[in-house]
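Engineer: 3D, please:
(one chain, ligands or ions: 3)
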Amino acid sequence: LKKSEKKGTPATAESFGIEISSPERIIFPELGLTKKDLADYYAQVEPLIMVDAVERPMTLIRFPSGRTGESFFQKHDKGTFGPHVKQIPIEEKDGHFEDYLYFDDIRGLLACVQMGTIEFHGWGSRVAKVEYPDRLVFDLDPDVGLDFGSVKEAALLLRELLKGLGLESWPLLSGGKGMHVVVPLDASEDWPTVKSFAERFSRAISEAEPQMFTANIRKEQRKGRIFLDWLRNQRGATAVLPYSARGREGAPVAAPVAWDELDRYESGHHFSIRDANELLERASSKALAGWCKAKQALPDA
Ligand code: ATP
Ligand code: MN
Ligand code: MN
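Structural biologist: Numbering: from 1, shown residues only. Ligands and ions are numbered 1, 2, ... in the order given. Down below sits the predicted model:
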(Lines give C-alpha, C1' and ligand atoms only; values in the text may rest on other atoms or scores of the structure.)
(Ligands and ions follow the chains in the order given, each with its own letter.)
Protein backbone atom coordinates (compact mmCIF):
# COMPACT_ATOMS: atom_id res chain seq x y z
CA LEU A 1 0.00 0.00 0.00
CA LYS A 2 1.47 3.31 -1.12
CA LYS A 3 -0.03 6.70 -0.88
CA SER A 4 0.86 8.79 -3.88
CA GLU A 5 1.66 11.90 -1.96
CA LYS A 6 4.24 14.58 -2.43
CA LYS A 7 6.64 14.96 0.44
CA GLY A 8 5.18 17.18 3.14
CA THR A 9 1.63 17.12 1.81
CA PRO A 10 -0.81 15.75 4.38
CA ALA A 11 -2.47 12.48 3.42
CA THR A 12 -6.08 12.54 2.20
CA ALA A 13 -8.56 9.77 1.43
CA GLU A 14 -7.83 10.36 -2.27
CA SER A 15 -4.10 9.87 -1.77
CA PHE A 16 -4.94 6.32 -0.67
CA GLY A 17 -7.13 5.85 -3.74
CA ILE A 18 -10.50 6.06 -1.95
CA GLU A 19 -12.97 8.47 -3.47
CA ILE A 20 -15.35 10.17 -1.03
CA SER A 21 -18.77 11.01 -2.45
CA SER A 22 -20.58 14.13 -1.17
CA PRO A 23 -17.31 15.38 0.36
CA GLU A 24 -18.95 18.65 1.46
CA ARG A 25 -21.74 16.95 3.43
CA ILE A 26 -21.74 18.36 6.95
CA ILE A 27 -21.09 15.60 9.51
CA PHE A 28 -20.40 17.71 12.62
CA PRO A 29 -22.70 20.74 12.27
CA GLU A 30 -21.47 22.47 15.44
CA LEU A 31 -18.01 22.80 13.87
CA GLY A 32 -18.98 22.77 10.20
CA LEU A 33 -16.81 19.67 9.66
CA THR A 34 -17.53 17.67 6.51
CA LYS A 35 -17.35 14.09 5.36
CA LYS A 36 -14.09 14.98 3.59
CA ASP A 37 -12.68 16.44 6.84
CA LEU A 38 -13.49 13.18 8.64
CA ALA A 39 -12.02 10.99 5.89
CA ASP A 40 -8.87 13.13 5.73
CA TYR A 41 -8.48 12.94 9.52
CA TYR A 42 -8.43 9.15 9.24
CA ALA A 43 -6.01 9.28 6.29
CA GLN A 44 -3.65 11.49 8.31
CA VAL A 45 -3.64 9.29 11.41
CA GLU A 46 -3.30 6.14 9.30
CA PRO A 47 0.00 5.00 10.91
CA LEU A 48 -1.55 5.43 14.37
CA ILE A 49 -5.03 4.00 13.98
CA MET A 50 -4.01 0.99 11.90
CA VAL A 51 -1.83 -0.41 14.70
CA ASP A 52 -5.01 -1.39 16.50
CA ALA A 53 -7.54 -1.45 13.66
CA VAL A 54 -5.77 -3.95 11.45
CA GLU A 55 -7.34 -7.42 11.21
CA ARG A 56 -9.79 -6.98 14.06
CA PRO A 57 -13.45 -7.95 13.65
CA MET A 58 -15.09 -4.56 13.68
CA THR A 59 -18.36 -2.94 14.59
CA LEU A 60 -19.04 0.29 12.74
CA ILE A 61 -21.31 3.04 13.93
CA ARG A 62 -22.73 4.63 10.82
CA PHE A 63 -24.35 8.05 10.74
CA PRO A 64 -25.43 8.41 7.09
CA SER A 65 -26.68 11.97 7.53
CA GLY A 66 -24.16 13.22 10.05
CA ARG A 67 -23.75 12.85 13.79
CA THR A 68 -27.06 14.49 14.67
CA GLY A 69 -29.02 12.17 12.38
CA GLU A 70 -30.02 8.54 12.68
CA SER A 71 -27.25 6.08 13.53
CA PHE A 72 -26.85 2.31 13.59
CA PHE A 73 -24.33 -0.38 14.48
CA GLN A 74 -23.05 -2.69 11.75
CA LYS A 75 -20.97 -5.86 12.19
CA HIS A 76 -21.60 -7.65 8.91
CA ASP A 77 -21.24 -6.68 5.30
CA LYS A 78 -22.22 -8.74 2.29
CA GLY A 79 -19.66 -7.08 0.03
CA THR A 80 -21.35 -3.71 -0.48
CA PHE A 81 -18.33 -1.83 0.93
CA GLY A 82 -16.04 -2.88 -1.89
CA PRO A 83 -12.88 -4.98 -2.12
CA HIS A 84 -10.97 -3.45 0.80
CA VAL A 85 -13.49 -4.51 3.45
CA LYS A 86 -13.03 -8.21 4.14
CA GLN A 87 -15.12 -10.89 5.82
CA ILE A 88 -14.23 -13.45 8.44
CA PRO A 89 -16.69 -16.22 9.33
CA ILE A 90 -17.14 -16.39 13.11
CA GLU A 91 -19.20 -18.97 14.96
CA GLU A 92 -22.26 -17.67 16.82
CA LYS A 93 -23.55 -19.13 20.11
CA ASP A 94 -26.02 -21.38 18.27
CA GLY A 95 -23.25 -22.89 16.12
CA HIS A 96 -23.95 -21.21 12.80
CA PHE A 97 -21.36 -18.90 11.23
CA GLU A 98 -21.72 -15.22 10.38
CA ASP A 99 -19.36 -13.14 8.28
CA TYR A 100 -17.87 -10.32 10.34
CA LEU A 101 -16.21 -7.39 8.65
CA TYR A 102 -12.59 -6.36 9.09
CA PHE A 103 -9.87 -4.73 7.03
CA ASP A 104 -6.14 -4.98 6.79
CA ASP A 105 -5.26 -1.52 5.59
CA ILE A 106 -6.50 2.08 5.63
CA ARG A 107 -8.38 1.66 2.35
CA GLY A 108 -10.87 -0.60 4.11
CA LEU A 109 -11.33 1.89 6.92
CA LEU A 110 -11.79 4.75 4.45
CA ALA A 111 -14.31 2.70 2.46
CA CYS A 112 -16.35 2.47 5.69
CA VAL A 113 -16.12 6.26 6.14
CA GLN A 114 -17.30 6.64 2.56
CA MET A 115 -20.36 4.57 3.63
CA GLY A 116 -21.15 6.98 6.47
CA THR A 117 -19.15 5.47 9.33
CA ILE A 118 -17.94 7.80 12.06
CA GLU A 119 -16.96 5.33 14.82
CA PHE A 120 -14.85 2.16 14.75
CA HIS A 121 -15.18 -0.39 17.56
CA GLY A 122 -12.98 -3.45 17.62
CA TRP A 123 -13.15 -6.92 19.09
CA GLY A 124 -10.48 -7.76 21.67
CA SER A 125 -8.93 -10.29 19.28
CA ARG A 126 -7.63 -10.42 15.72
CA VAL A 127 -8.92 -12.50 12.83
CA ALA A 128 -5.97 -14.91 12.75
CA LYS A 129 -6.64 -15.91 16.37
CA VAL A 130 -10.18 -14.86 17.02
CA GLU A 131 -10.74 -17.00 20.14
CA TYR A 132 -7.66 -15.54 21.93
CA PRO A 133 -7.91 -11.89 22.97
CA ASP A 134 -4.83 -9.70 22.66
CA ARG A 135 -6.10 -7.07 25.06
CA LEU A 136 -8.26 -6.42 28.10
CA VAL A 137 -10.22 -3.19 28.42
CA PHE A 138 -11.54 -1.78 31.66
CA ASP A 139 -14.18 0.72 30.64
CA LEU A 140 -14.66 3.29 33.42
CA ASP A 141 -18.19 4.67 33.27
CA PRO A 142 -18.78 7.45 35.81
CA ASP A 143 -22.22 8.13 37.25
CA VAL A 144 -23.81 11.30 35.87
CA GLY A 145 -22.42 14.32 37.67
CA LEU A 146 -19.24 12.62 38.87
CA ASP A 147 -16.25 14.82 38.01
CA PHE A 148 -13.44 13.71 35.72
CA GLY A 149 -10.94 13.98 38.57
CA SER A 150 -12.59 10.93 40.14
CA VAL A 151 -12.30 9.04 36.85
CA LYS A 152 -8.56 9.76 36.68
CA GLU A 153 -8.10 8.78 40.32
CA ALA A 154 -9.93 5.52 39.68
CA ALA A 155 -7.84 4.80 36.58
CA LEU A 156 -4.61 5.36 38.50
CA LEU A 157 -5.76 3.02 41.25
CA LEU A 158 -6.63 0.39 38.66
CA ARG A 159 -3.17 0.77 37.21
CA GLU A 160 -1.55 0.13 40.60
CA LEU A 161 -3.70 -2.92 41.27
CA LEU A 162 -2.93 -4.35 37.84
CA LYS A 163 0.75 -3.70 38.39
CA GLY A 164 0.46 -5.67 41.63
CA LEU A 165 -0.57 -8.62 39.47
CA GLY A 166 2.34 -8.07 37.10
CA LEU A 167 0.29 -6.36 34.38
CA GLU A 168 1.22 -3.10 32.68
CA SER A 169 -1.68 -0.97 31.49
CA TRP A 170 -2.22 2.24 29.53
CA PRO A 171 -4.90 4.95 29.70
CA LEU A 172 -7.16 5.93 26.81
CA LEU A 173 -9.47 8.96 26.77
CA SER A 174 -12.65 7.44 25.34
CA GLY A 175 -13.69 10.55 23.41
CA GLY A 176 -16.82 10.50 25.58
CA LYS A 177 -17.48 10.74 29.30
CA GLY A 178 -14.90 8.36 30.65
CA MET A 179 -11.63 6.55 30.15
CA HIS A 180 -10.53 3.05 29.29
CA VAL A 181 -7.61 1.29 30.95
CA VAL A 182 -6.11 -1.02 28.34
CA VAL A 183 -4.01 -4.10 29.11
CA PRO A 184 -2.25 -5.72 26.14
CA LEU A 185 -2.10 -9.52 26.26
CA ASP A 186 -0.02 -12.09 24.39
CA ALA A 187 -3.15 -13.92 23.15
CA SER A 188 -2.28 -17.07 25.08
CA GLU A 189 -5.63 -17.38 26.91
CA ASP A 190 -9.13 -17.85 25.48
CA TRP A 191 -12.23 -15.69 25.96
CA PRO A 192 -13.72 -17.55 28.94
CA THR A 193 -10.41 -17.26 30.83
CA VAL A 194 -9.99 -13.57 30.05
CA LYS A 195 -13.60 -12.74 30.86
CA SER A 196 -13.39 -14.62 34.14
CA PHE A 197 -10.25 -12.72 35.10
CA ALA A 198 -11.86 -9.37 34.23
CA GLU A 199 -14.98 -10.19 36.23
CA ARG A 200 -13.17 -11.48 39.32
CA PHE A 201 -10.74 -8.57 39.29
CA SER A 202 -13.55 -5.99 38.90
CA ARG A 203 -15.71 -7.54 41.61
CA ALA A 204 -12.77 -7.71 44.01
CA ILE A 205 -11.93 -4.04 43.44
CA SER A 206 -15.49 -2.86 43.88
CA GLU A 207 -15.68 -4.79 47.14
CA ALA A 208 -12.40 -3.28 48.34
CA GLU A 209 -13.30 0.26 47.19
CA PRO A 210 -17.11 0.34 47.33
CA GLN A 211 -17.25 4.14 47.56
CA MET A 212 -15.36 4.45 44.26
CA PHE A 213 -16.44 1.48 42.12
CA THR A 214 -19.36 -0.75 41.29
CA ALA A 215 -19.11 -3.82 39.07
CA ASN A 216 -22.90 -3.89 38.75
CA ILE A 217 -24.28 -2.73 35.43
CA ARG A 218 -27.55 -1.44 36.96
CA LYS A 219 -27.57 2.35 36.76
CA GLU A 220 -29.32 2.71 40.15
CA GLN A 221 -26.31 0.96 41.75
CA ARG A 222 -23.96 3.61 40.42
CA LYS A 223 -24.82 6.53 42.77
CA GLY A 224 -21.71 8.67 42.69
CA ARG A 225 -19.54 5.73 41.69
CA ILE A 226 -17.78 4.50 38.60
CA PHE A 227 -19.12 1.43 36.89
CA LEU A 228 -16.17 -0.82 36.08
CA ASP A 229 -17.50 -2.28 32.85
CA TRP A 230 -15.72 -5.64 32.67
CA LEU A 231 -18.29 -6.88 30.11
CA ARG A 232 -16.14 -5.34 27.36
CA ASN A 233 -14.03 -8.48 27.83
CA GLN A 234 -16.42 -11.14 26.68
CA ARG A 235 -16.41 -12.77 23.29
CA GLY A 236 -18.20 -10.59 20.77
CA ALA A 237 -17.97 -7.39 22.81
CA THR A 238 -16.22 -4.37 21.35
CA ALA A 239 -14.48 -1.25 22.57
CA VAL A 240 -13.83 1.97 20.72
CA LEU A 241 -10.49 1.87 18.89
CA PRO A 242 -7.72 4.30 19.80
CA TYR A 243 -7.94 7.26 17.37
CA SER A 244 -11.53 6.47 16.34
CA ALA A 245 -13.70 9.56 15.98
CA ARG A 246 -16.93 9.68 18.01
CA GLY A 247 -20.34 10.74 16.70
CA ARG A 248 -20.69 13.23 19.51
CA GLU A 249 -20.64 17.01 19.82
CA GLY A 250 -17.26 18.54 18.96
CA ALA A 251 -15.99 15.63 16.80
CA PRO A 252 -13.98 14.09 19.66
CA VAL A 253 -11.61 11.15 19.19
CA ALA A 254 -10.54 8.33 21.48
CA ALA A 255 -6.95 9.22 22.35
CA PRO A 256 -4.07 7.38 23.99
CA VAL A 257 -2.49 9.34 26.84
CA ALA A 258 0.33 8.64 29.27
CA TRP A 259 -0.11 8.03 32.99
CA ASP A 260 2.20 10.87 33.97
CA GLU A 261 0.32 13.48 31.92
CA LEU A 262 -3.20 12.59 33.13
CA ASP A 263 -3.26 15.76 35.26
CA ARG A 264 -3.65 18.01 32.27
CA TYR A 265 -6.91 16.48 31.01
CA GLU A 266 -10.25 17.75 32.23
CA SER A 267 -12.47 15.37 30.27
CA GLY A 268 -12.54 12.22 28.19
CA HIS A 269 -13.00 14.26 25.03
CA HIS A 270 -9.93 16.48 24.97
CA PHE A 271 -8.84 15.72 21.39
CA SER A 272 -10.86 16.04 18.19
CA ILE A 273 -10.56 15.22 14.51
CA ARG A 274 -8.99 18.67 14.07
CA ASP A 275 -5.95 17.52 16.06
CA ALA A 276 -4.42 15.05 13.59
CA ASN A 277 -1.06 16.84 13.58
CA GLU A 278 -0.87 17.04 17.35
CA LEU A 279 -1.82 13.37 17.67
CA LEU A 280 0.90 12.41 15.19
CA GLU A 281 3.50 14.43 17.08
CA ARG A 282 2.39 13.03 20.42
CA ALA A 283 2.51 9.45 19.17
CA SER A 284 6.21 9.73 18.38
CA SER A 285 7.01 11.50 21.66
CA LYS A 286 8.81 9.69 24.43
CA ALA A 287 5.73 9.69 26.64
CA LEU A 288 3.63 7.70 24.17
CA ALA A 289 6.20 5.75 22.18
CA GLY A 290 5.64 2.52 24.12
CA TRP A 291 1.86 2.93 24.43
CA CYS A 292 0.23 -0.46 24.96
CA LYS A 293 3.34 -2.31 23.91
CA ALA A 294 3.99 -5.21 26.26
CA LYS A 295 4.04 -8.94 25.78
CA GLN A 296 2.32 -10.20 28.89
CA ALA A 297 0.02 -12.98 30.03
CA LEU A 298 -2.60 -13.04 32.77
CA PRO A 299 -1.30 -14.13 36.15
CA ASP A 300 -2.02 -17.72 37.17
CA ALA A 301 -5.39 -18.15 38.88
P1 ATP B 1 -17.90 6.78 27.41
O2 ATP B 1 -16.55 7.19 27.93
O3 ATP B 1 -18.76 7.95 27.13
O4 ATP B 1 -18.53 5.74 28.27
P5 ATP B 1 -17.49 4.55 25.68
O6 ATP B 1 -16.96 4.32 24.33
O7 ATP B 1 -16.74 3.89 26.78
O8 ATP B 1 -17.59 6.10 25.96
P9 ATP B 1 -19.77 2.95 26.54
O10 ATP B 1 -21.22 3.21 26.40
O11 ATP B 1 -19.21 2.85 27.92
O12 ATP B 1 -19.02 4.08 25.67
O13 ATP B 1 -19.48 1.62 25.77
C14 ATP B 1 -18.24 0.98 25.86
C15 ATP B 1 -18.04 0.22 24.58
O16 ATP B 1 -19.03 -0.78 24.46
C17 ATP B 1 -18.18 1.10 23.35
O18 ATP B 1 -16.94 1.70 23.01
C19 ATP B 1 -18.72 0.15 22.32
O20 ATP B 1 -17.66 -0.48 21.61
C21 ATP B 1 -19.46 -0.91 23.12
N22 ATP B 1 -20.92 -0.72 23.06
C23 ATP B 1 -21.66 0.05 23.86
N24 ATP B 1 -22.96 -0.01 23.53
C25 ATP B 1 -23.05 -0.86 22.49
C26 ATP B 1 -24.13 -1.37 21.69
N27 ATP B 1 -25.40 -1.00 21.88
N28 ATP B 1 -23.81 -2.23 20.68
C29 ATP B 1 -22.55 -2.61 20.47
N30 ATP B 1 -21.50 -2.17 21.20
C31 ATP B 1 -21.74 -1.31 22.19
MN1 MN C 1 -17.43 3.85 28.77
MN1 MN D 1 -19.54 1.00 29.26
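Engineer: count the neighbours of residue 264 for me.
Structural biologist: Other residues near residue 264 come to 7 when the count uses other C-beta atoms under 10 Å. Any C-beta I mention is one placed from the backbone N, CA and C, and that applies to glycine too.
Engineer: please apply the same query to residue 44.
Structural biologist: By the criterion of other C-beta under 10 Å, residue 44 has 21 neighbours.
Engineer: which residue ranges of the stretch 1-150 of the chain form strands?
Structural biologist: 26-28, 33-34, 58-62, 72-74, 86-91, 97-102, 117-122, 135-142 (DSSP state E, counting those that start in this stretch).
Engineer: what packs against the last one?
Structural biologist: Translated: strand 135-142. helix 148-164, strand 179-184, helix 191-208, strand 226-229 (3 or more C-beta pairs under 8 Å, 6 or more residues apart in numbering; DSSP states H and E).
Engineer: quick check: neighbours of the last one in the sheet, parallel or antiparallel?
Structural biologist: Sheet pairing of strand 226-229 (DSSP bridges) gives strand 135-142 (antiparallel), strand 213-214 (parallel).
Engineer: okay if I get the ones you listed as TSV plus mean pLDDT and mean neighbour count?
Structural biologist: Listed next are those as TSV, based on pLDDT from 0 to 100; neighbours: other C-beta atoms under 10 Å:
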stretch	mean pLDDT	mean neighbour count
strand 135-142	96	23
strand 213-214	94	23
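Engineer: nearest to ligand 1: which residue in the stretch 51-200 of the chain?
Structural biologist: residue 176 (2.3 Å; C-beta to the nearest ligand atom).
Engineer: any figure for the gap between that residue and residue 109?
Structural biologist: As judged by C-beta to C-beta, to the nearest Å, residue 176 and residue 109 stand 20 Å apart.
Engineer: okay, those two: which has more neighbours?
Structural biologist: Ranked by neighbour count (other C-beta under 10 Å), residue 176 and residue 109 place residue 109 first, with 30 against 16.
Engineer: list the contacts for that one?
Structural biologist: 42, 49, 50, 53, 103, 120 (C-beta atoms under 8 Å, 6 or more residues apart in numbering).
Engineer: partners of the residue nearest to residue 74 when sequence neighbours are not counted in the sheet?
Structural biologist: Of all residues not flanking residue 74 in the chain, residue 60 sits nearest, at 4.6 Å (C-beta to C-beta, 6 or more residues apart in numbering). Bridge pairing for residue 60 (DSSP bridges) gives the partners residue 74, residue 120.
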